[in-house]
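Sharing a model that was predicted from the sequence below.
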Amino acid sequence: MLLLILDILGTFAFAISGAEKAVRYRLDWLGLIVLATVTGVGGGILRDVMLGATPPAALTNPIYFPICIVGAFFYLLMRKKIRKIRVFILVADALGLGFFTAVGAAKASAMAAGPYSVILFAAITAAGGGLIRDLLVSEIPQVLKSDFYATAALIGGILFYVLEFANLGSTPRILITTAFTFSLRLLAMRKKLELPKTREKTF
């Protein structure tokens, strides 16, 4: 039940992020719903397919797509009423990152996946939807070019796996991973943390 709740919250938060990008590109309502949906459920679908958990949860549970649509129109209606809408979007996105990192790691762990798989699926769940969203609007995916995004999810996945050796139950590990990843993402934004970028050497 906890995983489902976090998955729904993460879907809603990421749907808002997808809707924000749709508005920025002045897409029509279909484009709004498409971007909100792929951002909200894209990472989870990728995870489930790669884990062999088919059909994916987002395609069998009827709650996911309505949540994406609600998130899309929530942003559409509220974007002019929330004074610091950009800050709101960034915080919502960081929350979604925390939720999905924990969900991805927990689902991989429940299927007896090894440590690398737990870490990988934490990142895929958290960053996969945003990657698809950016590709749909012909952008270089955010996770490949800037800030501490997928990196925060990878570190969160490592934490989830390490906590297994602290004799903690699944629920505390999920909650700790969620809070840690969310906090790390906020810290990275505040301090403008980034991985080193490649440079083209000129001769």
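Arrived safely, thanks for sending.

Nearest the middle, which residue of the chain would you pick?
When CA atoms, centre = their mean is applied to the chain, the residue found nearest the centroid is residue 126 (3.1 Å).

Please name the residues that touch it.
43, 96, 97, 100, 101, 104, 150, 153, 156, 181 (CB atoms under 8 Å, 6 or more residues apart in numbering). All C-beta atoms are positioned from the backbone trio N, CA, C, and that covers glycine.

quick one: buried residues of the worst-scoring helix or strand of the chain on mean pLDDT?
Across the helices and strands of the chain, mean pLDDT, DSSP states H and E gives its lowest value to helix 142-145, namely a mean of 84. Buried residues in helix 142-145, counted by 16 or more other CB atoms under 10 Å: 142, 143.

how about the CA coordinates for it, as PDB?
Provided in PDB are the C-alpha atoms of helix 142-145 (Å, rounded to 0.1, in the frame of the first residue of the first chain):
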ATOM      1  CA  GLN A 142      17.900  17.200 -18.600                       C
ATOM      2  CA  VAL A 143      19.300  14.100 -16.900                       C
ATOM      3  CA  LEU A 144      22.200  14.000 -19.400                       C
ATOM      4  CA  LYS A 145      23.300  17.700 -19.400                       C
END
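
Determine how far the helix or strand following it lies from the middle of the whole chain.
Using DSSP states H and E, the helix or strand that follows helix 142-145 in sequence is helix 150-163. Relative to the chain's own centre, helix 150-163 is displaced by 13 Å; criterion: CA atoms, centre = their mean, to the nearest Å.

And the contacts of the next helix or strand after helix 150-163?
Note on helix 150-163: by DSSP H and E, the next helix or strand toward the C-terminus is helix 170-191. Residues outside helix 170-191 that contact it (CB under 8 Å, 6+ apart) are 2-3, 6, 90-91, 93-95, 97-99, 101-103, 105-106, 109, 122, 126, 147-149, 151-153, 155-157, 159-160, 163-164, 168, 193.

Tell me the buried residues in the longest helix anywhere in the chain?
Determined from DSSP state H, the single longest helix within the chain is helix 85-110. Residues of helix 85-110 classed as buried: 88-109 (neighbour count, 16+ other CB under 10 Å).

I'd assumed residue 10 was in contact with residue 93.
No - using CB atoms under 8 Å, residue 93 is not in contact with residue 10, being 10.2 Å away.

anything in contact with each of those two?
The contact sets of residue 93 and residue 10 do not overlap (CB under 8 Å, 6+ apart).

follow-up on the earlier one: the longest helix of the chain - what's its average pLDDT?
Helix 85-110 carries an average pLDDT of 94.

Thanks again, I'm all set now.
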